Structure formats: structure tokens, C-alpha cells
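S.K.: Just need the structure, nothing else, for what follows:
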Amino acid sequence: MTVRTGDELPPLRIPITRTLIVAGALASRDYQDVHHDHEAAKEKGSPDIFMNILTTNGLVGRYITDHFGPRAQLRKVAIRLGAPNYPGDEMVLTGEITSVVDGMAEVAVTGRNGIGHHVTGKVTVRLPDDVPRAPRADAPTTTADAPTPTPDASR
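M.R.: As a prediction, this is how the structure comes out:
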């Protein structure tokens, strides 16, 4: 896999279950009742419990490291939430590489559900050393890259 600007990551489909929502909230120590108590969520104007941002953040990170491998290092995750993830829906994560510079890739990520965009953002990831990168278009060529001159017999 060679990493190039403009490459699209394959989509990741994630079923949104009650268990995922509650487990994600508990794992991130987010005890807000809207993430585990259906009645409390309804009292606060939501049709059901919904996923917290920390779970979404973890799923975005997983999406990136699943693609680039376990040695890829997340350097920055900047996301924004939109439509809530409710139980019974599905979130589909997609991504596009927007830049590759000096072993770092930036990926624009979107997660859509049945209502709309659940998450949008950018992730910066340090690529493992063994992941090939396309050469930069603006990279200078070295003399080692230049063709070897051949003697001119006419002189």
C-alpha cells in the first residue's frame, strides 16, 4: 500500500447498538444518563440514548489504525459531532488522505448515519516506517536521481 494524497480509505460500517453506546460511555467514564438511561434521555428531549463524543473519537482512531496498521501513531484527532448516533442505526466511516509530508498523513474523516453526518474532522497520523509513500511533487531531485552523462564521441 503506497500512501498518496487523494487516496480514499475503504469504508468502515459500525452497527450502533445499545451495548456499544453504554460500553463506550462506561469505558470513558462518562456517566451522563443520556448515554445509558432511555427514560432520562427522553425526559431531556432525545428519542433515545445516544453515543458520547469519546466513543466516537475512539472509533475514528480505530478506523485510522485499522487502515495504516497497529504501528501507526495518532498525532492529532480533531472532530466535530453532528447528528446523534442512536441504537439501531449504522455509522459508516469514510476517509480521504489530504496530505502526506515527511512521514505524516492527514486524513479527512466523515461518519454518516441514517440522520446525516455524525462526525467530521481531520486526523494526523505518523506512518510506520515500512509504509511506502509517494514522492512529493515538490521534492528536489538529487544528483543520484539524474541520468549518468555519456561521453560525447563527436568531440
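S.K.: is residue 92 in a bridge, and if so with what?
M.R.: residue 13, residue 112 (DSSP bridges).
S.K.: For it, give me its contacts.
M.R.: By Cβ atoms under 8 Å, 6 or more residues apart in numbering, the contact set of residue 92 is 11, 12, 13, 14, 111, 112, 113. In this view, the C-beta of every residue, glycine as well, is placed from N, C-alpha and C.
S.K.: What score does it have for pLDDT?
M.R.: Confidence at residue 92, expressed as pLDDT, is 98.
S.K.: again with residue 53
M.R.: Residue 53 is given a pLDDT of 96.
S.K.: again with the one 5 residues further on
M.R.: pLDDT for residue 58: 97.
S.K.: Excluding chain neighbours, what is closest to it?
M.R.: residue 24 (6.9 Å; Cβ to Cβ, 6 or more residues apart in numbering).
S.K.: Would you confirm that that neighbour belongs to a helix?
M.R.: Yes - under DSSP: H, G, I helix; E, B strand; the rest coil, residue 24 falls within a helix.
S.K.: Surely it and residue 50 touch.
M.R.: No - Residue 24 lies out of contact with residue 50 (Cβ atoms under 8 Å); the separation is 10.7 Å.
S.K.: ok, the residue nearest to residue 58 - contacts?
M.R.: Per Cβ under 8 Å, 6+ apart, neighbours of residue 24: 35, 51, 52, 54, 55, 58.
S.K.: how close does it get to residue 55?
M.R.: 3 Å (Cβ to Cβ, to the nearest Å).
S.K.: Likewise for residue 10?
M.R.: Taking Cβ to Cβ as the measure, residue 10 falls 21 Å from residue 55.
S.K.: Which one of the two is surrounded by more residues?
M.R.: More crowded of residue 10 and residue 55, by other Cβ atoms under 10 Å: residue 55, with 23 against 10.
S.K.: hang on, the earlier thing: who wins for most neighbours among the contacts of residue 24?
M.R.: residue 51 (26 neighbours).
S.K.: so which strand or helix has residue 40?
M.R.: Using DSSP states H and E, residue 40 maps to helix 38-43.
S.K.: pLDDT below threshold where in this structure?
M.R.: 131, 133-155 (pLDDT under 70).
S.K.: remind me, longest helix of it?
M.R.: Longest among the helix segments of the chain by residue count, using DSSP state H, is helix 53-68.
S.K.: In it, which residues are buried?
M.R.: Burial within helix 53-68, assessed by neighbour count using 16 or more other Cβ atoms under 10 Å, is assigned to 55, 56, 57, 59, 60, 61, 63, 64, 65, 67, 68.
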